[in-house]
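model the structure of this input:
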Amino acid sequence: MAIDVSDMSPAPGAEKILTPDALAFIEELHHRFRPTRDNLLAARADRRNRIAAGESLDFLPETASIREGAWKVAEAPAALTDRRVEMTGPASPAKMAINALNSGAKVWLADLEDAHTPTWHNVVDAEYNLYRAARGDLSFTSPEGKEYTLRTDMPLAVPVVRPRGWHLPEKHVTVDGEPAVGALVDFGLHFFHNARQLLDNGQGPYYYLPKMESHLEARLWNDIFTFSEEYVGIPQGTIRATVLIETIPAAFEMDEILYELRDHASGLNAGRWDYLFSMIKVFRDSGKDFLLPDRADVAMTAPFMRAYTELLVSTCHRRGAFAMGGMAAFIPNRREPEVTAKAFEKVTADKTREANDGFDGSWVAHPDMVQTCREVFDSVLGDKPNQVDKLRDDVSVTAKDLLDVSTAEGAITEAGLRSNLYVAVAYTAVWLSGNGAVAIHNLMEDAATAEISRSQVWQQVHNGIVLEDTGATVTPELVERLLAEETERLRSEVPEEQFTRFYAPASQLIADISLADDYVDFLTLPAYELID
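Numbers count the residues shown, from 1 in each chain. The predicted structure is shown next:
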């Protein structure tokens, strides 16, 4: 067999997941589709190089006929017609999966990506939890004896699985001697084991597709779906995919992405945090017109963010697809009533804006926020399952609108720089420990927000930014000093053994990539080399 697995028993239930037939399917996916994946990643790098040389982004002239056409995506399956509240969170450990399924949300984004640390244990454990959830027998007993089971008094959230992005490898699986593509491992194991079972459940194999940068990447996923449906013998169009528009290149190809996936498309999602990360990454050396203020100052009401979200709603509804809102990072703290009240206020305002703009539903990061989001969308939708019929013909967005970063209000300060360094180290440390989502200062952080933090540091250093609150210039020496101070602050907040094992290497990693001459495309690539 050309496929090899380093450890066949990384977690309980692995024998149900790492079966010969499932591995043969993954091997076939790699033989057929990895070469195209490799070419598309090279195309990403080529476009970035052209932008660094002065080229900008615009809507593609060669696909104008698609944007101007009257086509629509396939009609939504019954299980996905009402998506007014989507709970996000990892599929490992089982407790998290059960809480998400029981949350009262319509959909659970079962995350194998930004809220998930891809240790081999976590990868297989997540797949086993999804396997058990599809068969209705997912349960968990804590060391203290507390039992977690799937509720029977109301419908469970419908799982929509998010595999890893195209760029991430799976080093514990090799195909023809090369590390496997993480996305193909995640999708392949889930689809092979659960597609028929989910159909029997009245649902189906549903996916969120992250980090794409072009319609050609969407075409690759569509080819994978078509092959996979034929491979297991289920009807064409059974798979449904919602694409996260979370890179600035993809924002210029929303129509084209839906068109490529039209037989499998369910909608688009406004992945706001990765979108900000992408804006920094793509235009990191394009001058001060592309410098964002402190992350805490960047609001969804900024003109360039309004252009992005309104274009997404308009595009989706014109094509009969769902427009899904993004993640409000504020979460409650049951020990601090004032913090909780502020979180509910901010989430309510965020979801109200989305619902009034025409979104069909939105994400929350905590079960306590499900009811808040639902009440907002209930007030707008009433008895309707969605508002795809709200066409937003009033929206007209130009390339200049999408790239209008310079009008975003806010300042670049030492306080913001310190916050970026603190969050980047704190999140990376928790990620290295095996947990992909963590609350930091009452905000739910995942890989996307850590990417913003470390990318802003790199951009500020390389543009010699003068901080508005102190007058200091952002230099490597200043970053090193502030990073050392923020790292010491973290040392005082965690046990010493934990600091030594996770926080010290995280701090070194953030120093290395924030101060490197060459920008590292994804924080999780070097971080992945530090985990089992």
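
mind giving me the packing neighbours of the strand or helix carrying S507?
Assigned by DSSP states H and E, S507 belongs to helix 504-515. Secondary-structure packing of helix 504-515 (3 or more CB pairs under 8 Å, 6 or more residues apart in numbering; DSSP states H and E): helix 414-432, helix 447-462, helix 476-491, helix 524-528. Bear in mind the C-beta positions are built from the backbone N, C-alpha and C, glycine included.

could I get the full set of strands for the stretch 151-300 of the chain?
Secondary structure of the stretch 151-300 of the chain (DSSP state E, counting those that start in this stretch): strands at 158-162, 169-175, 178-181, 206-209, 240-245, 265-270.

could you export those strands as JSON lines, including distance to P10, mean neighbour count and mean pLDDT?
Formatted as JSON lines, those follow (distance: least, CB to CB, whole Å; neighbours: other CB atoms under 10 Å; pLDDT from 0 to 100):
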{"stretch": "strand 158-162", "distance to P10": "19", "mean neighbour count": "24", "mean pLDDT": "98"}
{"stretch": "strand 169-175", "distance to P10": "8", "mean neighbour count": "21", "mean pLDDT": "98"}
{"stretch": "strand 178-181", "distance to P10": "15", "mean neighbour count": "20", "mean pLDDT": "98"}
{"stretch": "strand 206-209", "distance to P10": "23", "mean neighbour count": "24", "mean pLDDT": "98"}
{"stretch": "strand 240-245", "distance to P10": "28", "mean neighbour count": "26", "mean pLDDT": "98"}
{"stretch": "strand 265-270", "distance to P10": "31", "mean neighbour count": "28", "mean pLDDT": "98"}
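
related to what we said a few turns ago, the helix holding S507 to helix 447-462, inter-axis angle?
In terms of direction (axes from the mean of the first three to the mean of the last three CA atoms, to 10 degrees), helix 504-515 departs from helix 447-462 by 50 degrees.

what comes up buried for helix 504-515?
504-507, 509-511, 513-515 (16 or more other CB atoms under 10 Å).

nearest to G69 among those residues?
Closest approach between these and G69, by CB to CB: I513, at 42.6 Å.

shaky segments in this structure?
1 (pLDDT under 70).

double-check that M444 belongs to a strand.
Yes - counting by DSSP: H, G, I helix; E, B strand; the rest coil, M444 is found in a strand.

give me the distance between it and A79.
26 Å (CB to CB, to the nearest Å).

repeat for L478
In terms of CB to CB, L478 sits 52 Å off from A79.

quote the end-to-end distance of stretch 235-245.
Stretch 235-245 has its terminal residues 27 Å apart, counting by CA to CA, to the nearest Å.

and what of stretch 12-25?
22 Å.

going forward can the numbers begin at 48, since that is how I track them
With 48 as the first residue, the last one maps to stretch 59-72.

which residues touch it?
Contacts with stretch 59-72, where a contact means CB atoms under 8 Å, 6 or more residues apart in numbering, come from 48, 50, 52, 55-56, 171-172, 174-175, 178-179, 235-236, 239-240, 275, 278.

now list the buried members of the residues you listed.
50, 52, 171-172, 174-175, 178-179, 235-236, 239-240, 275.

where exactly do the helices run in the stretch 148-297 of the chain?
Using DSSP state H, counting those that start in this stretch, the helices of the stretch 148-297 of the chain run over 167-181, 229-247, 262-279, 295-298.

got the angle between the first one and strand 205-209?
Taking the same axes, to 10 degrees, helix 167-181 and strand 205-209 form an angle of 150 degrees between their directions.

just checking, what packs against helix 167-181?
Using 3+ CB pairs under 8 Å, 6+ apart: helix 167-181 touches helix 61-64, helix 141-148, strand 205-209, strand 216-222, helix 229-247.

can we see that at 6 Å?
helix 61-64, helix 229-247 (3 or more CB pairs under 6 Å, 6 or more residues apart in numbering; DSSP states H and E).

mind putting those helices in TSV, distance to E133 included?
Listed next are these as TSV, based on distance: least, CB to CB, whole Å:
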stretch	distance to E133
helix 61-64	25
helix 229-247	17
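
does A173 really touch P140, like I thought?
No - counting by CB atoms under 6 Å, A173 does not reach P140; the two are 8.8 Å apart.

name the residue in these two with the higher neighbour count.
A173 (28 against 19; other CB atoms under 10 Å).

look up how far M55 lies from that one.
Taken as CB to CB, the span from A173 to M55 is 17 Å.

can you check G334 too?
52 Å.

kindly report the same for T387.
45 Å.

one more: P432?
From P432 to M55 the distance is 43 Å (CB to CB).

repeat that for V477.
In terms of CB to CB, V477 sits 28 Å off from M55.

coming back round to it: most packed of the helices and strands packed on helix 167-181?
helix 229-247 (a mean of 23; mean count of other CB atoms under 10 Å).

which residues are contacting it?
Here helix 229-247 makes contact (CB atoms under 6 Å, 6 or more residues apart in numbering) with 64, 69, 72-73, 76, 159, 174, 177-178, 181, 208, 210-211, 213, 215-217, 220, 251-252, 275, 279, 281.

please export the C-alpha coordinates of it as PDB.
Provided in PDB are the C-alpha atoms of helix 229-247 (Å, rounded to 0.1, in the frame of the first residue of the first chain):
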ATOM      1  CA  GLY A 229      -4.700  17.500   5.800                       C
ATOM      2  CA  ALA A 230      -7.900  18.600   4.100                       C
ATOM      3  CA  LEU A 231      -8.100  15.300   2.200                       C
ATOM      4  CA  VAL A 232      -7.500  13.300   5.400                       C
ATOM      5  CA  ASP A 233     -10.200  15.200   7.300                       C
ATOM      6  CA  PHE A 234     -12.700  15.100   4.500                       C
ATOM      7  CA  GLY A 235     -11.900  11.600   3.400                       C
ATOM      8  CA  LEU A 236     -12.300  10.000   6.800                       C
ATOM      9  CA  HIS A 237     -15.500  11.800   7.600                       C
ATOM     10  CA  PHE A 238     -17.100  11.300   4.300                       C
ATOM     11  CA  PHE A 239     -16.200   7.700   3.800                       C
ATOM     12  CA  HIS A 240     -17.500   6.600   7.200                       C
ATOM     13  CA  ASN A 241     -20.600   8.900   7.500                       C
ATOM     14  CA  ALA A 242     -22.100   9.900   4.200                       C
ATOM     15  CA  ARG A 243     -24.600   7.000   4.000                       C
ATOM     16  CA  GLN A 244     -25.400   7.200   7.700                       C
ATOM     17  CA  LEU A 245     -26.100  10.900   7.500                       C
ATOM     18  CA  LEU A 246     -28.400  10.400   4.600                       C
ATOM     19  CA  ASP A 247     -30.300   7.700   6.500                       C
END
